[in-house]
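J.: Pasting the sequence and the predicted coordinates here, then a few questions.
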Amino acid sequence: MFRTTAIFALALAGMAHAHGDVTPQAVDTSALPEVGEDWLTENPYRVEAAGEEVWMKAIEIGASGYNQNCARCHGLGAVSGGLAPDLRYLEAEEYGDEWYVERFREGVTQNGTTKMPAFGELLGQEAAWAIRTYVETRADGDMVDDNGEPLGQIRDELVRWADDPNAVGDVDAVKQQLDDIAANIETLSGAPVADSVAWRASQQLDGTQAGIKTASETLTVGLSSAQ
């Protein structure tokens, strides 16, 4: 699939709806490592740089920050309806990061109209990169749909296990099934790991009854959203 930051430059320039009246909402980033005062040009919270624990926390915080500050124009779940660029396609590389962070910091003004507020000083660098991490790890929805049948079967099995502890079977085998599916679900940004429902459910299967219930709920919500 062809991806380029030029697509976003053109789309942003053509946005007809001004959304400078958005009031930035603070993002609590206290659970994330500080990255210093000087703005970076590459996302420090990617899984290969920060480790899985920090990466997952960045996704969680970024999801909240995105929904409060960005979803109005860039779309729920980062799925744009055409009002603003679909950020899921912005390359998870340094050149994509540079484009992203410049606009996050400075905002966008066209013909004297604010198209995007300047979030940099108001939200800070940690919030910027957390939101970036959330957006770039969105799974390719078509790939999730393609795996709807096996994920549905796993979900049904986990629901049965959650309802009846005596019926619990080979959790490790189900976890491996989820891992295999997750490995074949890509991001649209080129980020190496997609935060898909399969990946999430696998992480939640920790051998406990509570984990089985949580994983079944994750699959139920995720598959429902995909339909």
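T.: Good, I have the coordinates. Residues are numbered from 1 along each chain as shown.

J.: What about the closest residue to T187 other than its chain neighbours, how many residues nearby?
T.: Nearest residue to T187, sequence neighbours excluded (Cβ to Cβ, 6 or more residues apart in numbering): A194, at 4.6 Å. Backbone N, C-alpha and C define where each C-beta goes, glycine included. Number of residues near A194 (other Cβ atoms under 10 Å) recorded here: 23.

J.: which residues does A194 contact?
T.: 137-140, 143, 182, 185-187 (Cβ atoms under 8 Å, 6 or more residues apart in numbering).

J.: Could you tell me how far A130 is located from R88?
T.: As judged by Cβ to Cβ, to the nearest Å, A130 and R88 stand 16 Å apart.

J.: The two: which is more packed in?
T.: Set side by side, A130 and R88 show more neighbours around A130, with 29 against 23, by other Cβ under 10 Å.

J.: That one - that's part of a helix, no?
T.: Yes - looking at A130 with DSSP: H, G, I helix; E, B strand; the rest coil, it is inside a helix.

J.: Excluding sequence neighbours, find me the nearest residue to it.
T.: Counting by Cβ to Cβ, 6+ apart, the residue nearest A130 is G62, at 3.7 Å.

J.: Also M143?
T.: Counting by Cβ to Cβ, 6+ apart, the residue nearest M143 is I185, at 4.5 Å.

J.: Repeat that for R88.
T.: L188 (4.3 Å).

J.: On the pLDDT front, check the residue nearest the centre of the chain for me.
T.: Closest to where the C-alpha atoms of the chain average out (Cα atoms, centre = their mean) is Y134, at 3.1 Å. Y134 is assigned 98 on the pLDDT scale.

J.: now A11
T.: On the pLDDT scale, A11 is placed at 45.

J.: Mind jotting down where the strands sit in this protein?
T.: For the chain, the strands defined by DSSP state E occupy 108-110, 113-116.

J.: out of those, deepest packed?
T.: strand 113-116 (a mean of 18; mean count of other Cβ atoms under 10 Å).

J.: how about that strand as PDB, C-alpha atoms only?
T.: What follows is strand 113-116 as a C-alpha-only set of coordinates in PDB (Å, rounded to 0.1, in the frame of the first residue of the first chain):
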ATOM      1  CA  THR A 113      -8.300  30.400  10.000                       C
ATOM      2  CA  THR A 114      -7.100  27.900  12.600                       C
ATOM      3  CA  LYS A 115      -7.500  24.400  11.200                       C
ATOM      4  CA  MET A 116      -5.800  22.700  14.100                       C
END
